[in-house]
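**Student:** Sequence plus the predicted model coming up.
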Amino acid sequence: MKLDHLLVMTDDLAGTEAFFRDLGNLTVGVRPPFPFPGSWLYADGQAVVHLAEARTSGASNYLRPADGASSTYIDHVAFTGGDHAAFLERLAKTGMEHFERQVPETGERQIFVTGPGGLKLEFIFR
């Protein structure tokens, strides 16, 4: 098995799309005609991030928590690879706050960014 995609429910569809597109260097691509607003973002020809509008009347029940369910969230999503310097340039253009650290022993660089609605992303450069 392998990770196929991530679904992010958002109240800020345009802002969340821009966040993934600009920082993750993803491309907006084809999305099936679901009966609710959303967007699919691609990396290497695969839709890896699916976005859906959190408040929509067209979404089926599987996109909404069951009545009385507690809120569940992902702490952060991590992406690997890419050009560290090019990423820092893209990040600087956005003006978004971030923090960077280096993993002891491995030397991996981690950059953490918080986007719309508190969504946290980690970008790992080996």
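**Tutor:** Cool, the structure landed.
**Student:** For stretch 29-37, measure first residue to last.
**Tutor:** Across stretch 29-37, the terminal residues are separated by 14 Å (CA to CA, to the nearest Å).
**Student:** And stretch 3-19, by the same measure?
**Tutor:** 21 Å.
**Student:** Return the mean pLDDT over that stretch, rounded to an integer.
**Tutor:** If you average the pLDDT over stretch 3-19, you get 87.
**Student:** quick one, which residue of the chain lies the farthest from its center?
**Tutor:** Most distant residue from the mean C-alpha position of the chain: Glu105, 27.7 Å away (CA atoms, centre = their mean).
**Student:** For my notes, confirm Leu23 occurs in a strand.
**Tutor:** No. Applying DSSP: H, G, I helix; E, B strand; the rest coil, one finds Leu23 to be helix, outside a strand.
**Student:** so it makes contact with Pro116?
**Tutor:** No. With contacts counted by CB atoms under 8 Å, Leu23 stays clear of Pro116, the gap being 11.7 Å. To be clear about C-beta, it is placed using only N, CA and C from the backbone, and glycine gets the same treatment.
**Student:** Looking at those two, which has the bigger crowd around it?
**Tutor:** Legend: neighbour count by other CB atoms under 10 Å for Leu23 and Pro116, higher for Leu23 (21 against 17).
**Student:** Please name the residues that touch the more buried one.
**Tutor:** 87, 90-91, 94, 96, 113, 115, 121, 123 (CB atoms under 8 Å, 6 or more residues apart in numbering).
**Student:** With only the CA atoms kept, save stretch 109-119 in CSV.
**Tutor:** Only the C-alpha atoms of stretch 109-119 are listed here, as CSV (Å, rounded to 0.1, in the frame of the first residue of the first chain):
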residue,chain,number,x,y,z
ARG,A,109,16.1,20.2,6.9
GLN,A,110,12.5,20.7,8.0
ILE,A,111,10.5,23.8,7.3
PHE,A,112,7.1,24.1,9.1
VAL,A,113,4.5,26.5,7.7
THR,A,114,0.9,27.2,9.1
GLY,A,115,-1.7,28.0,6.4
PRO,A,116,-5.4,28.8,6.3
GLY,A,117,-7.4,27.6,9.2
GLY,A,118,-4.3,26.5,11.1
LEU,A,119,-3.3,23.8,8.7
